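>>> here is my input; please provide its structure:
(one chain, ligands or ions: 1)
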Amino acid sequence: MRRVSAVLCTLLAALVGPATAQTTNAAPSADWRQRGVCYEVFVRSFFDSDGDGVGDLGGLIQKLDYINDGDPASQRDLGASCIWLMPIMQSPSYHGYDVSNYYQVDREYGTNADFRRLVAEAHRRGIRILVDLVLNHSSSEHPYFKAALLDAASPFRDWYVWAPQAGPQGSWSVPIWHRVPGRDEFYFGLFWSGMPDLNLANPAVRAEAEEIARFWLTEMGADGFRFDAVMHFFEEGEHHRHGAQTHPWLRDYQAALRRIEPDVYTVGEVWDSIGAIRAYYPDQLDSYFIFEVADGILDAARSGTKQRFLAAVERAQREFPRGRWSPFLRNHDQTRTLTELQGDVARNRLAATLLLTLPGLPFVYYGEEIGMTGAKPDPRLRTPMHWARAPHAGFTRALPWEPLQPDSFTANVQVQDADPASLLNLHRRLIHLRAAHPALGASADFVPLATADDAALAYLRRSPEQTVLVLANLGTRRLPAPQLSAGGSVLPAGRYTARTLLGREARGTLRVGADGRAAGWSPVPALEPLETVILELARTG
Ligand code: CA
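Numbers count the residues shown, from 1 in each chain. Model prediction:
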């Protein structure tokens with residue numbers, strides 16, 4: 001099947017001629033936003049193709065089949081339909097969140113031509129590419145900033161924020177005003193002196209931000225962006241979060257991106273509560289990462305209680321437009337899941353199952369699917385991927401840029417690939433399940449059910465054509481015949497039978513009365529500690 005479609009692709013490519021950058025955007029389809037899952041990749045740590053110890057775009061291209069092999073029938077791949085690339089633009093730092101040239105791939109990662117090849121190879125497999133775009137600040141090495149620093153008459157002077165004295169520090173714990181050497185003058189840089197904040201209120205900066213996006217969308221073929229530090233775009237005096245100008249700016253910018261590429265996808269980092277993120281809807285970016293949901297999932301997996309998890313998900317469903325929020329477990333700034341859960345793989349499995357059965361478009365940080373560990377400092381959250389039981393875990397043939405985690409010999413793709421019960425194979429099954437079931441889609445309903453036992457968590461995912469039940473034992477005690485009940489109008493009246501999609505076999509029939517209520521249904525004979533089961537409910541009468 002795979003071979004046939006590859007041959008067809010080659011034939012088609014021969015007929016239509018070589019793809020140009022302008023035509024490589026993936027086929028327009030809203031479906032990936034509904035059924036897809038995104039995978040966050042730190043290129044430096046993914047795979048090194050040229051033996052310098054640093055991951056690169058060529059290495060990522062070689063590993064694309066691991067992420068998605070383009071064959072919907074195969075479950076050998078992770079099945080992700082989108083990749084968020086942490087910054088790949090030229091930068092003096094290892095992490096790239098301080099850009100010194102927005103139009104150039106960092107030479108350690110490859111060339112602009114390598115990026116275009118990545119896009120073509122990704123699109124061939126149905127994978128969209130989202131580029132991390134850092135607009136809050138540039139690098140202090142950026143020629144814009146250097147020009148502004150050297151010459152007060154420079155046209156780039158007003159691209160940054162200057163003051164004769166340090167401005168208000170507010171509640172920020174690190175210095176945010178930085179003295180210009182040899183002058184009685186300061187510039188504003190919220191994160192670090194090496195990251196001077198761009199003056200986004202300047203129309204010239206706004207125009208440049210649009211030009212950068214145009215370049216990546218039309219000349220490089222990217223499908224969208226992840227925007228860094230969105231809540232810090234505008235300061236107001238001593239307040240460094242959620243400046244009022246942020247919202248019209250984003251609204252206007254998103255509209256400009258749509259004019260450039262109608263199918264563009266944008267997701268923003270607003271590291272705050274659901275209540276605070278509300279102000280970024282309905283007409284700014286497409287989606288935002290919901291940190292409260294991430295914390296709720298981890299809390300459920302860690303504590304065995306469901307209240308915080310359910311409250312966060314229900315709140316997200318209530319406050320945000322359907323499907324337009326992004327659950328995740330951990331990102332590159334946070335302790336990895338398995339470390340957070342003190343090495344308890346069963347709890348990690350539970351957390352992954354909750355994440356990948358939630359509404360919205362979920363993001364999975366690379367290595368989470370094999371249970372990589374890591375705690376701060378930052379480089380230890382971003383260590384090289386464990387591919388194989390081999391020197392340097394198969395990441396490089398040289399010395400890796402950062403030492404691997406100590407468990408690379410056991411927690412790696414090769415070992416987990418061969419184990420049907422591994423965390424990796426669970427991720428593959430869940431992501432493929434999501435792709436195949438509209439009820440698990442981004443916009444489908446999320447309906448918690450009441451359970452007789454507090455340790456049991458149950459919720460329905462429901463689309464017009466389908467209903468799926470997720471049932472989990474959050475506790476450490478075996479639950480014999482866990483009972484569920486539903487208040488009014490959760491399901492149309494009738495008899496339902498359950499078919500297992502993941503986990504143990506279901507039994508019995510659910511009867512929903514004319515009032516839409518159901519009580520005392522126990523769809524499985526028992527749930528072991530931390531066990532989950534996913535069932536599809538079909539109406540049979
Ligand atoms: Ca390399």
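>>> going forward, measure contacts between C-alpha atoms and count neighbours the same way
Noted.
>>> tell me how many other residues crowd the residue in the stretch 401-541 of the chain that the ion sits nearest to.
Here the stretch 401-541 of the chain gets closest to the ion at one residue, residue 401, 9.6 Å apart by C-alpha to the ion. Using other C-alpha atoms under 10 Å, residue 401 is surrounded by 17 other residues.
>>> now residue 385
Other residues near residue 385 come to 30 when the count uses other C-alpha under 10 Å.
>>> state the distance from it to the ion.
Using C-alpha to the ion, to the nearest Å, one obtains 14 Å as the distance from residue 385 to the ion.
>>> please verify my assumption that that residue contacts residue 45.
Yes: applying C-alpha atoms under 8 Å, one finds residue 385 in contact with residue 45, separated by 5.9 Å.
>>> circling back: surely the residue of the stretch 401-541 of the chain closest to the ion meets residue 51?
No: counting by C-alpha under 8 Å, residue 51 is not a contact partner of residue 401; they are 10.9 Å apart.
>>> so who does the residue nearest to the spatial centre of the chain touch?
For the chain, residue 363 is the residue whose C-alpha lies nearest the centre (C-alpha atoms, centre = their mean; 2.7 Å). The contact partners of residue 363, by C-alpha atoms under 8 Å, 6 or more residues apart in numbering, come to 37-40, 326-329.
>>> what values do phi and psi take at it?
With angles defined as degrees, to the nearest 10, residue 363 sits at phi -120, psi 140.
>>> does it have beta-bridge partners, and which?
Residue 363 forms beta bridges with residue 38, residue 328, as assigned by DSSP bridges.
>>> what is the neighbour count of the residue of the stretch 51-200 of the chain found nearest the ion?
Residue of the stretch 51-200 of the chain nearest the ion, by C-alpha to the ion: residue 54 (4.2 Å). Neighbour count for residue 54, taken as other C-alpha under 10 Å: 25.
>>> where along the stretch 1-150 of the chain do the strands fall?
Along the stretch 1-150 of the chain, counting by DSSP state E, counting those that start in this stretch, strands occupy 38-41, 82-85, 89-90, 101-105, 128-133.
>>> pick the most deeply packed of those strands.
Counting by mean count of other C-alpha atoms under 10 Å, strand 128-133 has the highest mean neighbour count of the strands of the stretch 1-150 of the chain, with a mean of 25.
>>> can you name every helix or strand that it contacts?
Applying 3 or more C-alpha pairs under 8 Å, 6 or more residues apart in numbering; DSSP states H and E, one finds that strand 128-133 contacts strand 82-85, helix 112-124, strand 224-227.
>>> can you list the strands that it pairs with?
Take DSSP bridges as the rule and strand 128-133 pairs in its sheet with strand 82-85 (parallel), strand 224-227 (parallel).
>>> mind putting these into a markdown table with distance to the ion and mean pLDDT?
Shown next, in a markdown table, are these (distance: least, C-alpha to the ion, whole Å; pLDDT from 0 to 100):
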| stretch | distance to the ion | mean pLDDT |
| --- | --- | --- |
| strand 82-85 | 16 | 98 |
| strand 224-227 | 24 | 98 |
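>>> so which of those strands comes closest to residue 211?
With C-alpha to C-alpha as the criterion, residue 211 lies closest to strand 224-227 of the strands paired with strand 128-133, at 13.7 Å.
>>> ok, and what's touching the closest one?
Residues contacting strand 224-227 (C-alpha under 8 Å, 6+ apart): 84, 129-135, 217, 264-269.
>>> could you rerun that using 6 Å?
Strand 224-227 is contacted by residues 130-133, 264-268 when judged by C-alpha atoms under 6 Å, 6 or more residues apart in numbering.
>>> gap between it and the chain center?
Averaging C-alpha positions (C-alpha atoms, centre = their mean, to the nearest Å) puts strand 224-227 11 Å from its chain's average.
>>> stretch 522-536 now?
For stretch 522-536, the distance to the chain centre is 28 Å (C-alpha atoms, centre = their mean).
>>> end to end on that stretch, go ahead and measure it.
The first and last residues of stretch 522-536 sit 14 Å apart, counting by C-alpha to C-alpha, to the nearest Å.
>>> now stretch 422-442: buried residues?
Going by neighbour count (16 or more other C-alpha atoms under 10 Å), the buried part of stretch 422-442 is 422-435, 437-442.
>>> OK, contacts around residue 450?
Residue 450 touches 484-485, counting by C-alpha under 6 Å, 6+ apart.
>>> okay, how far is it across stretch 195-202, tip to tip?
With C-alpha to C-alpha as the measure, the first residue of stretch 195-202 is 18 Å from its last.
>>> quick check: buried residues in that stretch?
Under the neighbour-count criterion of 16+ other C-alpha under 10 Å, stretch 195-202 has 195-201 buried.
>>> now distance to residue 514, pLDDT and secondary structure too, for those, in a markdown table please.
Listed next are those as a markdown table, based on distance: C-alpha to C-alpha, whole Å; pLDDT from 0 to 100; DSSP: H, G, I helix; E, B strand; the rest coil:
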| residue | distance to residue 514 | pLDDT | secondary structure |
| --- | --- | --- | --- |
| 195 | 62 | 98 | coil |
| 196 | 63 | 98 | coil |
| 197 | 61 | 97 | strand |
| 198 | 61 | 98 | strand |
| 199 | 61 | 98 | coil |
| 200 | 58 | 97 | coil |
| 201 | 58 | 97 | coil |
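>>> distance to residue 287 added to the residues you listed, as CSV?
Below are the buried residues of stretch 195-202 laid out as CSV (distance: C-alpha to C-alpha, whole Å):
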residue, distance to residue 287
195, 25
196, 26
197, 24
198, 23
199, 24
200, 21
201, 23
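>>> any chance of those residues in JSON lines, plus distance to the ion?
Shown next, in JSON lines, are the buried residues of stretch 195-202 (distance: C-alpha to the ion, whole Å):
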{"residue": "195", "distance to the ion": "26"}
{"residue": "196", "distance to the ion": "29"}
{"residue": "197", "distance to the ion": "30"}
{"residue": "198", "distance to the ion": "31"}
{"residue": "199", "distance to the ion": "35"}
{"residue": "200", "distance to the ion": "34"}
{"residue": "201", "distance to the ion": "38"}
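>>> please identify which pair of those lies farthest apart.
195 and 201 (17.4 Å).
>>> returning to that earlier point: wait, which of the strands of the stretch 1-150 of the chain is closest to residue 353?
Nearest to residue 353, of all the strands of the stretch 1-150 of the chain, is strand 38-41, at 15.3 Å by C-alpha to C-alpha.
>>> list the helices and strands that closest one packs on?
When contacts are defined as 3 or more C-alpha pairs under 6 Å, 6 or more residues apart in numbering; DSSP states H and E, strand 38-41 sits against strand 82-85, strand 363-365.
>>> run the chain-centre distance for it.
The answer for strand 38-41 is 6 Å, by C-alpha atoms, centre = their mean.
>>> mean confidence score for it?
For strand 38-41, mean pLDDT is 98.
>>> what of stretch 485-500?
Stretch 485-500 comes out at a mean pLDDT of 88.
>>> now swap in stretch 98-116 and tell me
Mean per-residue pLDDT for stretch 98-116: 98.
>>> quote the end-to-end distance of it.
Chord length of stretch 98-116, first to last residue, is 22 Å (C-alpha to C-alpha).
>>> equivalent analysis for stretch 385-398, please.
14 Å.
>>> in that stretch, what counts as buried?
Neighbour counts using 16+ other C-alpha under 10 Å place 385-389, 392-397 of stretch 385-398 among the buried residues.
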